[in-house]
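*Asks:* Please work out how this folds:
(one chain, ligands or ions: 1)
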Amino acid sequence: MNGAGAEAGVGLVRKDSGHVQTNLDEAGKLTCLVVDDESYLRQAVRRLMESEGFECVEAASAETALALLAHQPASVILSDVRMPRMDGLTFLREVRARYPDTAVVMITAVADVDVAVSCLALGAMDYLMKPFHLDEVRARVGQVLEKRRLVLENRSYQVRLEERVQAQARRLEDQFLATMQAFAHALEVKDRYTRGHSIRVSQYAVAIARAMELEPDIVRQVEIGGHVHDIGKIGVRESVLNKPSPLTDDEYQHIMTHPMVGWRILSPVLTDFPLALHIVRSHHERFDGRGTPDGLAGTGIPLVARIAAVADSFDAMTSGRAYRRGGRLTLDAAVAELERCSGTQFDPDAVRAFLAAVAEGAISSTHGPPTGELAAFAEPVTAGHGG
Ligand SMILES: [Fe+2]
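*Replies:* Numbers count the residues shown, from 1 in each chain. Down below sits the predicted model:
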């Protein structure tokens, strides 16, 4: 540095001033690193900065400065541009990459206007041109620290804001899931045969969806849809829902209103989960178009509903619930039944994915005792295995 002048001590933000606090480093200090190969200029700047309340460290080269920074970060660095070996611009790049929170003021010669511009382009907060007066140093450093304070405050604010938004999103998600659980519990109170069924259907459907390598968001919706797929049974008369003997046609028609009833109940709630809503409405559709409520066929049935249909039927068979009065099937027997109905009742792709999930051990029928030895409702001969 050339041209260091007087060392009057006013102007910089001080430790005891109100707005300097956010400029303090973690240790509660304002620290300054002075980098210059000319010792007397280095020392002059150092004395000035110390008189302003900074803890100062000197470095005679950029290499030494980087070594010092590795142990002790600095609030602000004043660095010469022209130095032997690593020059100031290279040093600036390194500092910006490693210590983005450190404010850097570069010191250049009058002839180096282009260099000064380059310094700003590389992220220096300001530059000083030689010869400079120490009052100028004081004023520039004060401005730079204020700028740094605002940058740090802004970043801190953004981080806090993001954390609050994430926490709020988590709360909303928790509330939503609690609401879904409340629906499921309400149904369980009314229909003892569904106890555990919805959870297992959800788990099986998720295993199938994963075997099909669907996106995580889709898998999530499959999980939610599985939990609430039978919610419409809330609207079914208990005398029908819990009837121990086979159902009449009218009773069967009544019970099979549950996909549409569930869809109407949950439509205002599942606005962010349209695929889960598809499961509620279409899990009794059949691949051959003979299902309910819309008589959709093939790929006209939402994929998630085709998946849920397989999961639902597998649980109905292996839990021995509903119309299957012969008791529950073994895993092998249930798998054979799914394969037999692949392409008619079930989507062959969903059945294949189901078989893959079974082969991987993601699906087994180890869910405890049968949940429904008695018939909750009967279905036509090959019309369905689900409930
Ligand atoms: Fe159902």
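
*Asks:* my read: Gly88 touches Met106, true?
*Replies:* Yes: here Gly88 lies in contact with Met106, judged by CB atoms under 8 Å, at a distance of 5.8 Å. The C-beta positions use only the backbone N, C-alpha and C, and glycine is treated the same way.

*Asks:* Can you work out which residues contact both of those two?
*Replies:* Common neighbours of Gly88 and Met106, using CB atoms under 8 Å, 6 or more residues apart in numbering, are Ser79, Asp80, Val81, Cys119.

*Asks:* Closest one to Thr31 out of those residues, please.
*Replies:* Among those, Ser79 lies closest to Thr31 (CB to CB), at 14.3 Å.

*Asks:* what residues are up against the nearest residue to that closest one once chain neighbours are set aside?
*Replies:* Closest residue to Ser79 apart from its sequence neighbours, by CB to CB, 6 or more residues apart in numbering: Val35 at 4.0 Å. By CB under 8 Å, 6+ apart, the residues touching Val35 are 42, 58-62, 64-65, 77-80, 83, 88, 91.

*Asks:* Determine the set of other helices and strands touching the host helix or strand of Phe183.
*Replies:* Taking DSSP states H and E as the criterion, Phe183 maps to helix 134-190. Under the contact criterion of 3 or more CB pairs under 8 Å, 6 or more residues apart in numbering; DSSP states H and E, helix 134-190 touches helix 39-51, strand 76-80, strand 103-109, strand 126-130, helix 216-228.

*Asks:* what's the last one packed up against?
*Replies:* Right, the one you point to is helix 216-228. helix 134-190, helix 197-211, helix 274-282, helix 303-319.

*Asks:* what's the average pLDDT for that helix?
*Replies:* For helix 216-228, mean pLDDT is 94.

*Asks:* List the buried residues of that helix.
*Replies:* Ile218, Val219, Arg220, Gln221, Val222, Glu223, Ile224, Gly225, Gly226, His227, Val228 (16 or more other CB atoms under 10 Å).

*Asks:* From one end of stretch 101-117 to the other, what's the distance?
*Replies:* One end of stretch 101-117 sits 20 Å from the other (CA to CA, to the nearest Å).

*Asks:* Which residues does that stretch contact?
*Replies:* 1-2, 36, 69, 73-82, 88-89, 92, 95-96, 119, 123-130, 132, 140-141, 144-145, 147-148, 151-152.

*Asks:* Any stretches of the stretch 1-150 of the chain with poor pLDDT?
*Replies:* Along the stretch 1-150 of the chain, segments meeting pLDDT under 70 span 1-28, 110-111.

*Asks:* now with 50?
*Replies:* Under the criterion pLDDT under 50, the flagged ranges of the stretch 1-150 of the chain are 1-23.

*Asks:* Tyr252: helix or strand, and which one exactly?
*Replies:* Assigned by DSSP H and E, Tyr252 falls in helix 249-255.

*Asks:* After that helix, heading C-terminal, what element do we hit next?
*Replies:* Heading C-terminal from helix 249-255 (DSSP H and E), you reach helix 258-266.

*Asks:* Output that next one as PDB - backbone C-alpha positions only.
*Replies:* This file holds the C-alpha atoms of helix 258-266, laid out as PDB (Å, rounded to 0.1, in the frame of the first residue of the first chain):
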ATOM      1  CA  HIS A 258     -69.500 -46.700  -0.700                       C
ATOM      2  CA  PRO A 259     -67.000 -45.700  -3.400                       C
ATOM      3  CA  MET A 260     -69.200 -42.800  -4.500                       C
ATOM      4  CA  VAL A 261     -70.200 -41.900  -0.900                       C
ATOM      5  CA  GLY A 262     -66.500 -41.900   0.100                       C
ATOM      6  CA  TRP A 263     -65.600 -39.800  -2.900                       C
ATOM      7  CA  ARG A 264     -68.300 -37.200  -2.000                       C
ATOM      8  CA  ILE A 265     -67.100 -37.100   1.600                       C
ATOM      9  CA  LEU A 266     -63.500 -36.700   0.800                       C
END
